[in-house]
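Undergrad: sequence first, then the predicted structure:
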Amino acid sequence: MKIVIPGGSGQIGAMLARAFSEHEVVVLSRSGRGPAPSRSVKWDGESLGEWAAELEDADVVINLAGRTVDCRYTDENLRQMMDSRVRSTEVVGRAIAQCAQGPKVWLQMSTATIYAHRFDAPNDEASGIIGGWEPGAPVYWNHSIAIAQAWEDALERAEVPGVRKVALRTAMVMSPDDEGVFSVLERMSKLGLGGAIAGGEQRVSWIHERDLVAAVRFLIQEEMHGAVNLCAPEPLPQGEFMAALRSALGRRVGLPATAWMAEIGAWVLRTDTELLLKSRYVVPGRLLERGFRFEYPAWARAAEQLVAARR
């Protein structure tokens with residue numbers, strides 16, 4: 001196959017480039033550089049250019065483009081998050097539309113953050129609550145939901161007849177790569193800071209790297225379209241999540257933190273507490289219905305494998 005990955009210079013792009021190394025992988029990046037063993041082509045993520053020719057005769061497009069959410073949620077950063085996601089999706093759609101023989105499958109990155117902050121029941125694609133939150137949740141969290149909705153709306157609006165479109169509502173991806181989210185959690189735990197935050201009842205949805213790659217392969221082959229949750233089937237409370245990680249690391253102590261302590265830490269790290277405090281109670285309803293089998297459905301075993309892989 002020929003697989004084109006717009007915005008593929010980050011962590012998930014590197015995972016996919018490695019996983020699909022037996023195929024022709026082309027990464028579109030602003031720098032013109034991408035992960036080995038892919039071939040890299042420069043683009044700006046918002047206007048048509050020579051890069052669009054790469055979609056001709058491609059089999060699959062996996063669009064990962066979008067500004068990182070690991071930042072302070074200032075007005076400017078929120079604007080960049082919105083613009084980078086919507087514009088890149090729109091321009092990928094225009095590039096596909098002008099192909100004489102374009103890809104038949106378009107996998108579009110989205111986010112599990114599109115669902116409401118909730119504790120009472122899991123969100124799947126059929127019953128998930130979008131555009132709301134539990135009483136007491138910060139109203140500004142709705143910015144992330146609005147960005148996710150606009151991202152998926154741009155995919156839906158794209159006029160690409162004959163192309164199967166899938167929105168990948170992705171949870172936190174756990175891999176042994178340096179500077180990934182797992183490496184941050186591991187470092188915190190080794191410093192004794194990996195305890196419950198604000199009581200630790202908020203749910204954590206996650207997916208192991210191997211299952212993310214396997215799910216992408218599955219979705220390329222399966223005749224599925226629309227939104228699909230990419231997450232493990234067993235989300236768990238944040239306190240239990242961190243306790244399992246500490247156990248895998250052989251660390252007994254994890255200092256808890258209040259919400260205001262988390263806010264100070266997030267400010268120091270130049271990130272936002274939504275990433276820590278929002279209850280992302282998300283399950284992969286459609287994947288399970290189609291018979292997809294997870295290699296790492298439970299966090300304890302996944303954490304042990306990831307810790308071993310980083311040694």
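TA: Arrived safely.
Undergrad: hey, let's count contacts and neighbours off CA atoms from now on
TA: Noted.
Undergrad: residue most distant from the centroid, this protein?
TA: Distance from the centre of the chain peaks at A100, with 31.0 Å (Cα atoms, centre = their mean).
Undergrad: list the contacts of it.
TA: Residues near A100 by Cα atoms under 8 Å, 6 or more residues apart in numbering: E56.
Undergrad: quick one, phi psi at it?
TA: As for A100, its main-chain torsions (degrees, to the nearest 10) stand at phi -70, psi -40.
Undergrad: from V41, how far off is it?
TA: As judged by Cα to Cα, to the nearest Å, A100 and V41 stand 20 Å apart.
Undergrad: cool, and E222?
TA: From E222 to V41 the distance is 29 Å (Cα to Cα).
Undergrad: same check, this time on E90
TA: With Cα to Cα as the criterion, E90 and V41 are 19 Å apart.
Undergrad: again with R30
TA: For R30, the distance to V41 - Cα to Cα - is 8 Å.
Undergrad: if we can go back for a sec, more neighbours, E222 and V41?
TA: V41 (20 against 10; other Cα atoms under 10 Å).
Undergrad: pretty sure the more buried one is touching S29, no?
TA: Yes. Counting by Cα atoms under 8 Å, V41 touches S29, with 6.4 Å between them.
Undergrad: list the residues that contact both of these two?
TA: By Cα under 8 Å, 6+ apart, no residue touches both V41 and S29.
Undergrad: quick check: which ranges of the stretch 151-300 of the chain have low pLDDT?
TA: 260, 265-269 (pLDDT under 70).
Undergrad: that one: helices as residue ranges?
TA: Applying DSSP state H, counting those that start in this stretch to the stretch 151-300 of the chain gives helices spanning 181-190, 209-221, 238-249, 259-269, 274-277, 285-289, 299-309.
Undergrad: could you dump the ones you listed to JSON lines with mean neighbour count and distance to V166?
TA: Listed next are the helices of the stretch 151-300 of the chain as JSON lines, based on neighbours: other Cα atoms under 10 Å; distance: least, Cα to Cα, whole Å:
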{"stretch": "helix 181-190", "mean neighbour count": "17", "distance to V166": "25"}
{"stretch": "helix 209-221", "mean neighbour count": "18", "distance to V166": "8"}
{"stretch": "helix 238-249", "mean neighbour count": "21", "distance to V166": "29"}
{"stretch": "helix 259-269", "mean neighbour count": "15", "distance to V166": "33"}
{"stretch": "helix 274-277", "mean neighbour count": "20", "distance to V166": "24"}
{"stretch": "helix 285-289", "mean neighbour count": "15", "distance to V166": "12"}
{"stretch": "helix 299-309", "mean neighbour count": "18", "distance to V166": "26"}
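Undergrad: stretch 28-44: end-to-end distance?
TA: Stretch 28-44: ends 9 Å apart by Cα to Cα.
Undergrad: report the distance from that stretch to the chain centre.
TA: 20 Å (Cα atoms, centre = their mean, to the nearest Å).
Undergrad: residues contacting that stretch, please?
TA: Contacts of stretch 28-44 (Cα under 8 Å, 6+ apart): 4-9, 13-14, 17-18, 21, 24-27, 45, 49, 51.
Undergrad: next, the buried residues of that stretch.
TA: 28-30, 33-44 (16 or more other Cα atoms under 10 Å).
Undergrad: tell me which two of those sit farthest apart.
TA: For the buried residues of stretch 28-44, with distances taken as Cα to Cα, the pair at the greatest spread is P37 and D44 (21.6 Å).
Undergrad: so where's the stretch 1-150 of the chain shaky on pLDDT?
TA: For the stretch 1-150 of the chain, the ranges with pLDDT under 70 are 132-136.
Undergrad: could you redo the last one with a cut-off of 80?
TA: Within the stretch 1-150 of the chain, the stretches with pLDDT under 80 are 131-137, 139-140.
Undergrad: show me where it has its helices.
TA: Under DSSP H, counting those that start in this stretch, the stretch 1-150 of the chain gives helices at 11-19, 75-97, 142-157.
Undergrad: what's the shortest one packed up against?
TA: Contact analysis of helix 11-19 by 3 or more Cα pairs under 8 Å, 6 or more residues apart in numbering; DSSP states H and E lists helix 209-221 as its packing neighbours.
Undergrad: how far off centre is the helix it packs on?
TA: Relative to its chain's centre, helix 209-221 lies at 13 Å (Cα atoms, centre = their mean).
Undergrad: got the angle for that helix vs helix 11-19?
TA: If you take axes from the mean of the first three to the mean of the last three Cα atoms, to 10 degrees, helix 209-221 sits at 70 degrees to helix 11-19.
Undergrad: so what touches helix 209-221?
TA: By Cα under 8 Å, 6+ apart, helix 209-221 touches 15-16, 19, 60, 105, 173-175, 230-231, 292, 294-296.
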